[in-house]
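Engineer: I would like to see how this sequence folds:
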Amino acid sequence: MKSVMLISNPYAGSVSGRTKEVIVKALQADFKLELADTERRSHATELARDATDRGFDCVVAFGGDGTINEAAQGLVGTDVALGLIPGGSTNVLARSLGVPRDPVEATAFVASHIRSETIRTINVGRVNERYFLFSAGIGLDAEVVKRVEADPEAKRRRGEWFFLTNALKAGFTEYRGAAPWIELRVPGHAAQRVVLAICCNGRPFTFFKRLPVDVCPEARLDAGLDVFGLTGMSAATIPRLAWALLVSRGHIRWRRGRYFHDLETLAIKCARPLPLQVDGDHIGSVDSAEMSIVRGGLRLLV
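Structural biologist: As a prediction, the model looks like this:
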């Protein structure tokens, strides 16, 4: 009987006691299951590392993208596979990989992959000492995440609209007309001065309702890193950027756009400390970042 650790974030948007009970019973029917609830930031990482050290066959994370990212920190470079049960407000990685959005259906999906040992190995990104699965960014996107996380009740109540309104506020008040305070360094190219830099390991960057938001439309989980930057932002840029990210994908060819595909490494230097987001979580401010690809870094039950 395969051993499974279920890591659950009780504070995630779609995690309820009743749903968790159904998931636990379903997994207990076929596997040797151990349940662990997260109690603090980075706790999922500690639990995943403990599962690896104790020889579990796989870890299943029930929570949002932040919980999944934390669990992955303890599994990158190991043979222990990660299963995804969406429990957050957006669930970018799970949705992009075709995992059912309903947690109970996702449990059946993960269980079938455990039984059949169906595993997909993906590349992961690394920014300084932190791994990311689909995106890391410095500048506007991270500022929006920082603002949203400061009001968790509004985030829970208003969802994607709260992200949008904060993006518009930050764009018009702090980034419109701002001097490019980020230096983007890509091997083989001249350094670029930009106001934001978003690096993607896969696509999409996020979702707005049912629509994928594609900052780096050519990014793939089996390729290198893609990065997009803007050399400046005017009032007219902001609505154009929203249209491009949701519909046209034309921003990667803009005169002010800087887009690089399939990179092994890149570096960012900031004129002042700026917020950094990793897979949709604000993890603090930095004045520099080294990013790289970790080939075949993570095994997923998808």
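Engineer: alpha carbons only for contacts and neighbour counts from here, please
Structural biologist: Noted.
Engineer: worst mean pLDDT across the helices and strands of the protein, which element?
Structural biologist: helix 152-158 (a mean of 79; mean pLDDT, DSSP states H and E).
Engineer: what's the first helix or strand after the longest helix along the chain?
Structural biologist: Across the chain, the helix with the greatest residue count (assigned by DSSP state H) is helix 103-116. Note on helix 103-116: by DSSP states H and E, the next helix or strand toward the C-terminus is strand 120-127.
Engineer: buried residues in that next one?
Structural biologist: Residues 121-127 are the ones in strand 120-127 that count as buried (16 or more other Cα atoms under 10 Å).
Engineer: what do you get for stretch 50-59?
Structural biologist: 51-52, 56-59.
Engineer: out of these, which sit inside strands?
Structural biologist: Among the buried residues of stretch 50-59, the members found in strands (DSSP state E) are 58-59.
Engineer: adding pLDDT and distance to F205, write the buried residues of stretch 50-59 out as a markdown table.
Structural biologist: As requested, the buried residues of stretch 50-59 are arranged in a markdown table below (pLDDT from 0 to 100; distance: Cα to Cα, whole Å):
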| residue | pLDDT | distance to F205 |
| --- | --- | --- |
| A51 | 98 | 29 |
| T52 | 98 | 29 |
| F56 | 98 | 31 |
| D57 | 97 | 30 |
| C58 | 98 | 26 |
| V59 | 98 | 24 |
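Engineer: what is the nearest of the buried residues of stretch 50-59 to R203?
Structural biologist: V59 (23.5 Å; Cα to Cα).
Engineer: what pairs with the closest one across the strands?
Structural biologist: Beta bridges link V59 to M5, L82, judged by DSSP bridges.
Engineer: could you shift the numbering so residue one becomes 364, and keep it that way?
Structural biologist: Sure, I'll start counting at 364 from here, so that last one is V422.
Engineer: next up, the contacts around it.
Structural biologist: Shown in contact with V422 (Cα atoms under 8 Å, 6 or more residues apart in numbering): 367-370, 411, 414, 443-446.
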